[in-house]
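**Student:** I'll drop the sequence and a predicted model, then ask my questions.
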Amino acid sequence: MASVLTPDLLARVRERAPGYDAANGFFFEDLAELRAVGYLRPRSLSEASADQRLLAAHAPATALGLTMHLVWMGVARDLAAAGDDSLQWVLDDCAAGELFAFAISEAGNDRVMTDSVTRAERVEPGERPDGHGGWAVTGTKIFTSLSPAWTRLGVLARHDPGDTDPTGGGSDAAAARIIHGFLLRDAPVSTPERFEPHPAPGVTITPDWNTLGMRATQSHTTRLEAAFIADEHVSRILPVGPVADPFLLAISANFLTLMAAVYAGLADRALELAVESAHRRTSLKNGGAPQAHDPDIRWRIADAALALDALAPQLAAVAHDRDHGVDRGARWHRDLAGLKHRSVETARHVVDQAMRIAGGGAYRTTAELSRLQRDVLAGIYHPSDPEAVHATVAADLLGPLP
């Protein structure tokens with residue numbers, strides 16, 4: 001399938017990127033154009049990761065933000081391919097133009113998908129005027145990308161039956177469950193001229209995203225106060241702790257692969273800028289010759305390229321195996337975490353080499369490389385962090401800790 005990312009569209013996306021960064025603004029124009037050409041549609045992981053790598057080479061923050069939507073499309077696609085149609089409505093809503101996002105991250109929760117400090121309380125059908133049963137979710141989510149524009153928000157929260165036990169029996173940790181589901185935002189979304197802090201009942205968005213890089217994602221803090229998830233929008237109810245479930249594996253596979261593609265694309269652009277700089281800048285000590293003739297500069301560019309070249313086969317292999325239902329068993333966790341980690345660390349190395357090659361001009365805030373250097377740092381904060389990655393690989397090789 002041919003990509004919808006035409007050269008003209010990509011040129012416009014690249015042209016807008018520095019403005020979003022300088023204004024700390026959301027990529028409304030990019031979103032409108034990309035939605036119009038069908039970029040938000042579901043497709044194979046191989047196609048989506050290739051598209052994300054290309055888009056990130058032109059606007060890393062736009063690509064990072066849209067990763068959240070594309071992950072949910074991938075999860076729904078993967079489950080459908082395995083005969084599980086529980087998220088078919090997600091694909092249908094996507095076709096209708098809805099934008100999906102994540103509200104997973106929480107301050108102090110380093111167990112990510114396997115636990116939550118957000119709480120969910122059961123709501124029976126007779127307790128609501130509309131007769132819908134579901135869950136009332138209360139807690140604070142951080143790093144909620146696409147905050148100004150999402151219309152469907154993936155949420156997880158913990159339900160402890162003992163918390164609401166009328167007998168006062170106390171919490172039964174063994175019975176605790178994680179509720180995975182979606183909040184709906186049917187009110188008009190924010191626009192460049194107007195920010196909507198209360199997009200849905202029980203949801204408050206605090207516009208506090210003022211970060212070093214990846215600014216256009218506008219990943220604001222989101223406060224949930226008895227926000228309602230209807231039963232028909234619950235995707236899974238799972239035990240607290242690690243559990244083998246295709247839903248969770250699909251989230252990890254799509255998130256980590258697409259995230260790796262974003263940072264590979266960022267590195268692609270950094271290397272391209274380094275090559276341009278080496279041809280453009282000249283050296284007095286070498287008689288006015290371009291720095292592309294300098295052995296040290298040539299070594300740095302080759303070093304960056306060698307590191308980046310190693311990512312493509314791993315990205316392609318992981319995406320191919322997911323698309324074709326290859327069963328890597330427990331090895332999937334090691335391979336996926338390692339792919340994301342290697343991509344981020346490689347991108348950081350490539351950008352560092354590019355900054356050294358480009359010289360002091362790249363240190364100006366208006367320089368594209370300066371923005372890439374800030375953007376690439378965000379990669380160390382996405383799950384899985386380096387500690388979790390190494391623990392996963394060690395467990396695969398040495399077995400779990402006693």
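**Tutor:** Done, it's in. Quantities reported herein were computed from a predicted structural model and do not represent experimental measurements.
**Student:** where in the stretch 1-150 of the chain is pLDDT low?
**Tutor:** Along the stretch 1-150 of the chain, the model assigns pLDDT under 70 to residues 1.
**Student:** following the longest helix seen in the chain, which helix or strand comes up?
**Tutor:** In the chain, taking DSSP state H as the definition, the longest helix is helix 246-280. Using DSSP states H and E, the helix or strand that follows helix 246-280 towards the C-terminus is strand 282-283.
**Student:** So for stretch 53-61, first residue to last residue, what's the gap.
**Tutor:** From its first residue to its last, stretch 53-61 covers 12 Å (CA to CA, to the nearest Å).
**Student:** what's around Ala330, how many residues?
**Tutor:** Using other CB atoms under 10 Å, Ala330 is surrounded by 10 other residues. Using the backbone N, CA and C atoms, a C-beta is placed for each residue, glycine as well.
**Student:** mind listing what it touches?
**Tutor:** Ala330 sits next to Asp396 when contact means CB atoms under 8 Å, 6 or more residues apart in numbering.
**Student:** gap between it and Leu336?
**Tutor:** Note on Ala330: its distance to Leu336, by CB to CB, to the nearest Å, is 11 Å.
**Student:** Break down the protein into its helices, ranges please.
**Tutor:** 7-23, 28-36, 45-56, 60-81, 88-95, 246-280, 295-309, 311-323, 331-358, 368-376, 386-398.
**Student:** Show me what counts as buried in the shortest one.
**Tutor:** Buried residues in helix 88-95, defined by neighbour count with 16 or more other CB atoms under 10 Å: 90-91, 93-94.
**Student:** same deal with stretch 300-320?
**Tutor:** For stretch 300-320, the neighbour count (16+ other CB under 10 Å) marks 300-301, 304-305, 307-308, 311, 314-315, 318-319 as buried.
**Student:** same deal with stretch 242-261?
**Tutor:** Those would be 247-261, for stretch 242-261 by 16+ other CB under 10 Å.
**Student:** Please apply the same query to stretch 186-195.
**Tutor:** 189-190.
**Student:** start to end distance for that stretch?
**Tutor:** End-to-end distance of stretch 186-195: 15 Å, with CA to CA as the criterion.
**Student:** Contacts for that stretch, please.
**Tutor:** Applying CB under 8 Å, 6+ apart, the contact partners of stretch 186-195 are 25-26, 28, 148-151, 196, 199-200, 207.
**Student:** mind giving me a markdown table with those residues and columns for distance to Val137?
**Tutor:** Converted to a markdown table, the contacts of stretch 186-195 look like this (distance: CB to CB, whole Å):
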| residue | distance to Val137 |
| --- | --- |
| Gly25 | 29 |
| Phe26 | 24 |
| Phe28 | 28 |
| Pro148 | 21 |
| Ala149 | 21 |
| Trp150 | 15 |
| Thr151 | 17 |
| Glu196 | 19 |
| Pro199 | 15 |
| Ala200 | 11 |
| Pro207 | 21 |
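**Student:** Determine which two of these are furthest apart.
**Tutor:** Across those, the longest distance by CB to CB is 22.4 Å; it joins Gly25 and Ala200.
**Student:** just to revisit the earlier point, I'd like to know which of the buried residues of stretch 300-320 is nearest to Ala101.
**Tutor:** Lowest distance from Ala101 to the buried residues of stretch 300-320 (CB to CB) belongs to Ala319, with 22.2 Å.
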